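Peer 1: What follows is a protein structure lacking sequence information:
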C-alpha cells in the first residue's frame with residue numbers, strides 16, 4: 001500500500017500515485033464505467049484498431065474514464081504545478097465532450113508516447129506551451145469521446161445518431177424526451193472503436209459553455225485543505241529515508257570520513273554511503289538521516305583532472321562580471337537588420353552603456369526529493385517532481401541500464417515550476433535516490449535540505465551586454481547594437497557552444513518589434529563554472545530588462561518621453577500599439593513623473609514591453625523611495641495572448657509573474673566567493689516578502705492572434721518598468737539588478 005506521510009489515519013489509507021499496473025487493476029473494477037485506461041482489456045471493435053497508429057491525442061482510452069456517476073477521470077499530459085493546467089485541460093476537453101469541468105478528476109498522466117500531444121511531437125510542461133501547443137488536439141479528444149457516447153446512445157435508444165444531442169453529462173433524444181447519462185452509457189461506449197479524427201466537428205467558439213470563462217480551479221479544495229500530494233508526501237511500505245551532504249564545491253570527491261563509526265551508531269541510522277560528489281545517510285526517519293549527514297566529517301578531495309563540472313576555489317561572481325564586461329570581440333550575429341555601421345555614421349547623437357544581469361537561484365519552496373523502489377518484477381518505480389516524464393525515463397534508463405518500459409515514473413504535483421524540474425545532471429535528487437535504494441535493497445525517499453538545494457541548484461545565467469545606439473536629429477534611434485557576453489542556459493546544460501547560436505541567450509534582445517532601421521544583436525560565448533538551467537521566462541527574464549532600460553536611456557538622450565518613444569517605434573503595429581495604450585488607460589493615463597501622491601510620497605512611473613512565448617505584454621510601475629530603498633506601489637499590466645481559456649487563471653498567473661519579477665529586480669542575487677555560494681538559505685538569499693508586494697492591476701486583451709503562453713510572458717516587462725521608474729524618480733540610471741545593491745536618496 002502506498003500511503004501519504006504525516007496525515008490522519010483515514011487519509012493515510014488512501015492509495016496515492018499508483019503505478020500504471022495498479023491503476024489499471026483498480027480502474028477495471030469500476031462496474032459499468034467507460035474505462036479507457038491504457039492497457040485494459042478492450043472490446044472487439046476497439047481491439048481491431050488498437051494497434052493502428054493514431055494521430056497524437058486521439059487514442060481516447062489513454063486519457064479518459066467515465067464512471068457510473070458520470071464523473072470523469074482525465075489523465076493530463078501536462079504536469080500541474082500551480083499554474084492551473086488541470087483546470088484548463090478540463091475546460092478544453094469538457095467543452096467538446098459536453099461535460100462540466102467541475103465533474104473532472106484530473107491526475108498527471110504516466111510516461112508514455114500517447115501523451116506526446118504537443119504540436120512539436122514532444123511532451124514537456126514548460127515554455128508556456130501546454131495549452132497553446134495542444135489546444136486543438138485536446139478539443140478533438142473531447143469531441144471523439146462525445147461521438148462515442150452518442151453512438152452508444154444511438155444503439156441503446158434505437159434511434160439514428162443525428163437525432164441525438166448532448167447537454168452537460170447527458171445524451172438526449174428530443175423527439176421522445178428520453179435521455180441517458182454519460183455514466184449509464186459508459187459500459188456500452190467503452191467497446192466502441194474510436195472514430196476517425198476527421199469525422200468529428202469541433203464547436204463554433206460562439207457556442208462555448210466553459211472555454212473563456214473564469215471557472216473555479218479543480219485543485220483549490222485539495223490545496224486549501226492540505227490534501228494535495230507532492231513527492232515529499234509520498235511513502236511506500238518498508239521505506240527508508242535519506243539525506244545527503246554535498247561537497248562544498250562541485251567536482252570534489254569524498255575521501256576519508258573521519259567519524260563514520262560514530263555516525264553509524266546514531267539513533268535510527270541504517271547505513272552511510274559515498275555518492276558522486278556527496279555522502280549520504282539512510283535512516284528510519286528523515287530528521288535522523290539529516291542530522292547524521294550533517295555530522296559526517298568528510299575530507300573532500302580535489303580532482304586530479306578537473307572536468308566541466310569543476311568549481312574553482314578562486315571563483316567569484318564579482319570578478320566574473322568584470323571579465324564578462326571586458327571580454328573583447330564583436331560576437332556572433334543573432335539578428336541583423338539594415339547596416340548598423342552605416343546607421344551610426346549618419347547619427348546626430350550617440351550613446352553607449354554596459355548592462356549586467358545577475359545569477360539567480362530557482363529558490364522554490366518545494367525542496368528536491370525523490371522516492372525510488374526496485375520491484376521484484378525487475379521494474380524501477382520512481383516518484384519524482386518533473387516537467388517531462390519521458391525525458392526523465394530516458395535519462396534513468398541510461399543511468400541504470402534498464403529498459404525504458406521497466407522504469408515507471410510517477411509525477412506528483414509540483415510545488416512550482418520555474419524551470420527547476422528538467423534533467424540537470426548534478427542538480428537532481430533522483431540519481432542519488434536510485435543508487436541508495438539499490439544499495440540497501442529497500443525503497444528510499446531522499447530529501448535535500450534547503451542548504452543542499454542552494455548548494456546544487458542550477459542558475460539563471462549572468463550576462464554583460466554592451467549597447468550602442470545612434471539617434472537622428474529628433475532623438476529617435478536609427479541604429480542599435482547589443483552584444484551579449486554570456487553562456488546561454490541551453491549552452492550551459494549542454495556544456496558547450498553549439499554549431500548554432502543559443503536562442504535562449506539572446507531572446508528579449510533579438511526579435512524586438514520596435515521599428516529601428518539598423519539593428520545588430522550578437523553574442524560572445526563565455527563559459528563560466530556555475531551550472532545553468534532554465535528560469536521562468538528564460539532569456540527574456542534578463543534581456544528585456546537590459547534592452548528596455550537602455551531604450552529609456554535613448555529617450556533621455558533624445559529628450560523624448562519614454563512612452564511616446566515606444567508609441568513612435570510601434571507605428572504600423574496595431575496589436576502592440578493597442579496593448580501599450582491599454583496599459584496606459586488601465587493606469588489612469590500615462591504620467592512619468594516625478595509627482596506627489598495623495599499620501600505625500602514622491603513617486604514616478606516607468607514603462608516597458610516584452611514579447612515572450614508568443615504573447616505580448618506591457619507594464620507600468622509606480623515607485624517611491626523609502627529609507628534609501630525602492631517601494632513599488634502599483635503594477636499595471638496589459639497582456640495579449642491572442643485568445644485565452646480561463647481569465648481567472650490568466651490573472652493569477654500575471655500576479656505570480658509580477659511577484660517573481662519584483663523579487664528579482666529588488667532583491668534576488670546568487671553570489672559566489674571563493675568558489676562557494678554565499679547564500680545557503682533564504683536568510684542570505686531574500687525573496688520578495690508580502691509586505692513588499694505591489695498592488696497589481698491586469699487587463700487581458702484578446703487580439704485574436706495565434707494563441708500564446710501565459711505562465712512566463714507577464715514577468716519580463718516588470719523589472720525594466722520598475723527600474724525605469726526608479727531612474728525617472730532619482731535621476732540615477734539603473735544598469736544592473738538587484739536594486740538592493742543601491743542606496744537611493
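Peer 2: Okay, I see it. Predicted, not measured: the structure shown is a model, and the values here were computed from it.

Peer 1: who touches the residue of the chain positioned farthest from its centre in this structure?
Peer 2: Within the chain, residue 176 marks the point farthest from the mean C-alpha position, 50.6 Å out by C-alpha atoms, centre = their mean. Contacts here follow C-beta atoms under 8 Å, 6 or more residues apart in numbering; on that basis residue 176 touches 157, 159. For every residue, glycine as well, the C-beta is placed using N, CA and C.

Peer 1: Just the element for it, please.
Peer 2: Of the helices and strands defined by DSSP states H and E, none includes residue 176.

Peer 1: Just read off the phi/psi values of it.
Peer 2: As for residue 176, its main-chain torsions (degrees, to the nearest 10) stand at phi -100, psi -10.

Peer 1: mind listing the helices for the stretch 301-450 of the chain?
Peer 2: Residue ranges of the helices in the stretch 301-450 of the chain, as given by DSSP state H, counting those that start in this stretch, are 317-326, 340-346, 389-400, 430-440, 450-456.

Peer 1: swap that for the stretch 101-250 of the chain, sorry
Peer 2: Under the criterion DSSP H, counting those that start in this stretch, helices of the stretch 101-250 of the chain are mapped to 130-157, 182-189, 220-224.

Peer 1: And for the stretch 451-600 of the chain?
Peer 2: In the stretch 451-600 of the chain, helices defined by DSSP H, counting those that start in this stretch lie at 489-494, 503-506, 540-557, 562-569, 574-586, listed in chain order.

Peer 1: how far off helix 562-569 does the third one point, in degrees?
Peer 2: Helix 540-557 and helix 562-569 are oriented at 100 degrees to each other (axes from the mean of the first three to the mean of the last three C-alpha atoms, to 10 degrees).

Peer 1: Summarise which helices and strands helix 540-557 is packed against.
Peer 2: Under the contact criterion of 3 or more C-beta pairs under 8 Å, 6 or more residues apart in numbering; DSSP states H and E, the helices and strands touching helix 540-557 comprise strand 349-357, strand 463-471, strand 477-486, helix 562-569, strand 602-610, helix 647-666, helix 718-730.

Peer 1: between those, which one is nearest to residue 679?
Peer 2: Each of the helices and strands packed on helix 540-557 was checked against residue 679 via C-beta to C-beta, and the shortest separation belongs to helix 647-666, namely 13.8 Å.

Peer 1: Show me how far that closest one is from its chain's centre.
Peer 2: 13 Å (C-alpha atoms, centre = their mean, to the nearest Å).

Peer 1: Just checking: what are the partner strands of the next helix or strand after it?
Peer 2: The C-terminal neighbour of helix 647-666 among helices and strands, as given by DSSP H and E, is strand 672-673. Strand 672-673 has these partner strands in its sheet, going by DSSP bridges: strand 676-677 (antiparallel).

Peer 1: what's the spacing between the partner strand and its chain's center?
Peer 2: 26 Å.

Peer 1: gap between the helix or strand just after that strand and the chain center?
Peer 2: Downstream of strand 676-677, the first helix or strand assigned by DSSP H and E is strand 695-700. Averaged C-alpha coordinates place strand 695-700 at 21 Å from its chain's average position (C-alpha atoms, centre = their mean).

Peer 1: elements contacting strand 695-700?
Peer 2: Counting by 3+ C-beta pairs under 8 Å, 6+ apart, the packing neighbours recorded for strand 695-700 are helix 574-586, strand 629-640, helix 647-666.

Peer 1: can you pull the buried residues of the longest one?
Peer 2: Neighbour counts over helix 647-666 (16 or more other C-beta atoms under 10 Å) mark 649-666 as buried.

Peer 1: Please identify the deepest-packed of the helices of the stretch 451-600 of the chain.
Peer 2: Burial of these is given as mean neighbour count (mean count of other C-beta atoms under 10 Å); helix 540-557 ranks first at a mean of 26.

Peer 1: ok, for residue 103, nearest residue in space, not its chain neighbours?
Peer 2: Distances taken as C-beta to C-beta, 6 or more residues apart in numbering put residue 71 closest to residue 103, at 5.1 Å, once the chain neighbours are dropped.

Peer 1: Count the residues that sit near the one you found.
Peer 2: Applying the criterion other C-beta atoms under 10 Å, we find 18 residues in the vicinity of residue 71.

Peer 1: cool, residue 158 as well?
Peer 2: Other residues close to residue 158 by other C-beta under 10 Å number 7.

Peer 1: How many residues are close by residue 55?
Peer 2: 12.

Peer 1: Residue 197 is in contact with that one, correct?
Peer 2: Yes - the pair formed by residue 55 and residue 197 meets the contact definition of C-beta atoms under 8 Å, at 5.7 Å.

Peer 1: Quick one, which of the helices and strands packed on strand 695-700 gets closest to residue 302.
Peer 2: Comparing the helices and strands packed on strand 695-700 by their distance to residue 302 (C-beta to C-beta), the top pick is helix 647-666, with 33.9 Å.

Peer 1: same for that closest one, what does it pack against?
Peer 2: On a contact count with 3+ C-beta pairs under 8 Å, 6+ apart, helix 647-666 meets helix 540-557, strand 629-640, strand 695-700, helix 718-730.

Peer 1: Nearest to residue 103, out of those?
Peer 2: Closest approach to residue 103 among the helices and strands packed on helix 647-666 (C-beta to C-beta): strand 695-700, 26.7 Å.

Peer 1: Okay, buried residues for the closest one please.
Peer 2: Of the residues in strand 695-700, those scored as buried under the neighbour-count criterion (16+ other C-beta under 10 Å) are 696-700.

Peer 1: Kindly provide the whole-number mean pLDDT of it.
Peer 2: Summarised as a single mean, pLDDT over strand 695-700 is 98.

Peer 1: Identify the residues contacting it?
Peer 2: Residues outside strand 695-700 that contact it (C-beta under 8 Å, 6+ apart) are 582-583, 586-587, 633-641, 644, 647, 650-651, 654-655, 658.

Peer 1: With stretch 386-405 instead?
Peer 2: Stretch 386-405 is contacted from outside by 79, 81, 108-113, 115-116, 122-126, 378-380, 382, 384, 407, 409, 411, 414, 417, 421-423, 430-431, 434, using C-beta under 8 Å, 6+ apart.

Peer 1: Write the PyMOL selection for whichever of those residues are buried.
Peer 2: For the buried members of those, the matching PyMOL selection, counting by 16+ other C-beta under 10 Å, is:
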select buried, resi 79+81+108+109+110+111+112+115+116+123+124+125+126+379+380+382+384+407+409+411+414+417+421+422+423+430+431+434
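
Peer 1: Would you mind listing where the stretch 251-400 of the chain has pLDDT under the threshold?
Peer 2: Counting by pLDDT under 70, the stretch 251-400 of the chain contains no low-confidence residues.

Peer 1: Which residue is the nearest non-sequential neighbour of residue 475?
Peer 2: On the basis of C-beta to C-beta, 6+ apart, the spatially nearest residue to residue 475 that is not a chain neighbour turns out to be residue 558, at 2.1 Å.

Peer 1: May I have the residues that are in contact with that neighbour?
Peer 2: Neighbour list for residue 558: 349, 471, 474-477, 565 [criterion: C-beta under 8 Å, 6+ apart].

Peer 1: repeat that for 10 Å
Peer 2: With C-beta atoms under 10 Å, 6 or more residues apart in numbering as the criterion, the residues that contact residue 558 are 348-349, 351, 469, 471-477, 565.

Peer 1: where's residue 357 relative to residue 723, distance?
Peer 2: For residue 357, the distance to residue 723 equals 12 Å [C-beta to C-beta, to the nearest Å].

Peer 1: any common contacting residues for the two?
Peer 2: Both residue 357 and residue 723 are in contact with 545-546, 736-737, where contact means C-beta under 10 Å, 6+ apart.

Peer 1: For the stretch 251-400 of the chain, which segments count as strands?
Peer 2: With strands called from DSSP state E, counting those that start in this stretch, the stretch 251-400 of the chain shows them at 253-257, 269-275, 278-283, 298-301, 332-337, 349-357, 369-374, 380-383.
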